[in-house]
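Colleague: below are the sequence and a predicted model for it; my questions follow.
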Amino acid sequence: MEPLNSLYPVLAQDVNSPTHPVSAMDYLPKEKLRELQLHRLKWTVNYAYERVPLFRSRCQELGVKPEHIKTLSDIKLLPFSKKTDLRDEYPMGLRAATMDETVRFHCSSGTTGKPICIPNTLADISVWQNGAMRCLAMYGIRASDVLQVSYGYGLFTGGLGLHYGGEGLGCAVLPTSGGNTERQVMLMRDLGVTAIACTPSYFLRIIDEAKRQGIDFRKDTKLKHGIFGAEPWTTEMREAIERETGIIAHDIYGLTEIAGPGVAGSCQHSNGLHIWEDHFYPEIIDPDTLEPLPDGEQGELVFTTISRTGTPMIRYRTRDLTKLRVETCQCGRTMRVMDRICARSDDMLIIHGVNVFPGQIEAGLLRVPEVAPHYQILLSSTDDLDLFEIKVEITPEAFSDSVRHMENLRRRVFDAVKTIIGLSPRIILVEPGSLPRSEGKIRRVIDNRKKS
Ligand code: DLL
């Protein structure tokens with residue numbers, strides 16, 4: 001008898017090929033891709049103009065009409081949108097779909113003020129699932145994999161996004177959500193989990209717990225893949241995780257406003273992420289002049305959703321800083337690659353007049369082999385002086401009672417950071433396990449400086 005599963009072509013094992021329905025779009029010839037993007041862009045602009053009053057009135061202020069969009073580069077005629085628009089129009093001012101067409105809300109809290117709320121239609125959920133499935137397929141994940149989803153489920157998009165992606169590929173999904181780390185590790189081992197999806201910082205917490213239980217990832221688990229994102233993390237962090245556990249640490253990117261996890265993902269050939277451009281049209285702009293920048297130049301990432309109907313977002317300023325690569329990827333996918341995102345413009349710290357991103361500090365710290373991937377950046381002020389301190393955990397093997405050894409190590413950590421940022425922070429080496437851990441997105445910067 002024909003097995004029931006064969007009715008679903010996505011469950012085939014050779015999913016990662018140009019002929020497979022999940023991955024085929026990844027390889028769409030460039031001219032076909034541009035044609036499709038233009039068609040979808042025109043459709044989206046017409047749709048949003050008709051249904052979203054704020055977009056229509058902004059276009060009218062600029063004297064732009066949907067029929068002015070004739071080529072992809074005409075996108076620059078359109079107005080930008082920002083997180084504050086979603087806040088100002090809270091809860092549903094940018095919604096294009098009716099309540100009948102809406103099937104799910106996702107919200108993100110942000111750090112201050114009102115949350116943003118994004119209504120999704122069934123078609124949106126399917127576009128998003130498609131993005132997540134294509135990422136997982138690209139990582140090498142198949143129907144035979146057991147996928148533990150340790151991103152939070154709920155208003156946050158991490159849990160449900162990876163859940164739908166995993167189920168769509170036919171994986172056995174273990175929806176643990178975040179927290180209860182002791183049980184997470186037990187289930188990982190007992191159910192033969194082969195892939196885990198969570199924030200990189202939560203995975204560090206899971207590594208600690210596995211050590212506490214005497215579990216060796218290489219010998220006692222079947223874990224092969226980590227699907228990490230939702231917060232900036234550096235190449236150095238990726239290497240530290242891979243060294244420690246023997247897994248491959250893949251990068252997944254997304255944001256609530258545009259879909260959720262699965263807007264872009266890393267492939268094995270580039271230390272960057274393919275953007276699923278058939279749904280999410282990327283631009284890089286100069287954040288000061290707002291002018292589009294050519295591929296290869298670093299700036300702010302802007303997305304236009306070209307196949308979403310619940311809340312179409314047009315020229316949405318993400319605040320994430322990156323560049324689009326000029327060269328095509330060796331893997332053969334035609335979808336453009338962006339550099340991994342190690343910084344957001346709103347995370348930039350100005351210390352003693354110098355612009356510093358936490359990722360630069362992380363990169364410096366993790367170049368010292370004795371440093372564990374746990375650190376905290378502390379900023380405070382006395383009188384008019386900024387105090388800049390970094391607390392750093394070191395590995396249990398490197399921790400010692402010898403004052404000379406520790407002072408030597410402290411000096412090397414200081415030099416590694418100073419080389420990158422050009423500033424002289426006070427480095428405080430702390431005991432393994434003493435800094436706070438996170439179950440979701442971690443907060444590594446504590447800025448208690450007086451605001452002027
Ligand atoms: O963090 C969606 C997500 C869930 C992505 C799970 C990946 C995995 P938001 O809470 O709306 O959505 O936060 C979006 O998180 O603008 C970036 O600043 C940051 N971010 C997301 N993925 C990455 C990544 C989810 N791979 C914001 N690398 C984005 C760096 C990331 N930053």
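Modeller: Everything's here; your move.

Colleague: can we go C-alpha only for contacts and neighbour counts from here?
Modeller: Fine.

Colleague: can you give me the helices for the stretch 151-300 of the chain?
Modeller: For the stretch 151-300 of the chain, applying DSSP state H, counting those that start in this stretch gives helices covering 157-169, 181-190, 200-212, 217-220, 235-245.

Colleague: out of those helices, deepest packed?
Modeller: Ranked by mean neighbour count under mean count of other Cα atoms under 10 Å, the helices of the stretch 151-300 of the chain are led by helix 157-169, which reaches a mean of 25.

Colleague: still on that earlier bit, could you dump the helices of the stretch 151-300 of the chain to TSV with mean pLDDT and distance to the ligand?
Modeller: Output for these, formatted as TSV (pLDDT from 0 to 100; distance: least, Cα to the nearest ligand atom, whole Å):
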stretch	mean pLDDT	distance to the ligand
helix 157-169	97	4
helix 181-190	98	18
helix 200-212	97	9
helix 217-220	98	22
helix 235-245	97	11
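
Colleague: as JSON lines, those with distance to residue 326 would be great.
Modeller: JSON lines is the format used below for the helices of the stretch 151-300 of the chain (distance: least, Cα to Cα, whole Å):
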{"stretch": "helix 157-169", "distance to residue 326": "29"}
{"stretch": "helix 181-190", "distance to residue 326": "40"}
{"stretch": "helix 200-212", "distance to residue 326": "28"}
{"stretch": "helix 217-220", "distance to residue 326": "37"}
{"stretch": "helix 235-245", "distance to residue 326": "20"}
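
Colleague: among the ones you listed, which comes closest to residue 130?
Modeller: Closest to residue 130 of the helices of the stretch 151-300 of the chain is helix 157-169 (Cα to Cα; 7.0 Å).

Colleague: what helices or strands is that closest one leaning on?
Modeller: helix 122-139, strand 146-149, strand 172-174, strand 261-266 (3 or more Cα pairs under 8 Å, 6 or more residues apart in numbering; DSSP states H and E).

Colleague: give me every residue in the stretch 201-350 of the chain lying close to the ligand.
Modeller: 229-232, 251-256, 260-261, 318, 320, 341-342, 344 (Cα under 6 Å from any ligand atom).

Colleague: if we can go back for a sec, got TSV for the helices and strands packed on helix 157-169, with mean neighbour count too?
Modeller: Output for the helices and strands packed on helix 157-169, formatted as TSV (neighbours: other Cα atoms under 10 Å):
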stretch	mean neighbour count
helix 122-139	24
strand 146-149	28
strand 172-174	20
strand 261-266	28
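
Colleague: what is the closest residue to the ligand within the stretch 1-150 of the chain paired to in the beta sheet?
Modeller: The nearest approach of the stretch 1-150 of the chain to the ligand comes at residue 108, 5.6 Å away (Cα to the nearest ligand atom). Note on residue 108: beta-bridge partners by DSSP bridges are residue 116.

Colleague: show the average pLDDT along stretch 328-342.
Modeller: Averaged across stretch 328-342, the pLDDT comes to 94.

Colleague: any buried residues in it, and which?
Modeller: Neighbour-count burial for stretch 328-342 flags 329, 333-342 (criterion: 16 or more other Cα atoms under 10 Å).

Colleague: tell me the one of the residues you listed nearest the ligand?
Modeller: Among the buried residues of stretch 328-342, residue 341 lies closest to the ligand (Cα to the nearest ligand atom), at 4.5 Å.

Colleague: ok so, going back, so who does the residue of the stretch 1-150 of the chain closest to the ligand touch?
Modeller: If a contact means Cα atoms under 8 Å, 6 or more residues apart in numbering, then residue 108 has 115-117, 155-156, 256 as its contacts.

Colleague: check the offset of the lowest-mean-pLDDT helix or strand in the chain from the chain's centre.
Modeller: Scoring the helices and strands of the chain by mean pLDDT, DSSP states H and E places strand 343-344 at the bottom, with a mean of 90. Its chain's C-alpha centre and that of strand 343-344 lie 11 Å apart, by Cα atoms, centre = their mean, to the nearest Å.

Colleague: for residue 241, which non-adjacent residue is closest in space?
Modeller: Spatially, and ignoring its direct neighbours in sequence, residue 241 is nearest to residue 249 (7.1 Å; Cα to Cα, 6 or more residues apart in numbering).

Colleague: where does pLDDT dip in the protein?
Modeller: 1-17, 19, 110-112, 452 (pLDDT under 70).

Colleague: quick check: domain ranges of it?
Modeller: 1-344, 348-447 (automatic domain parsing).
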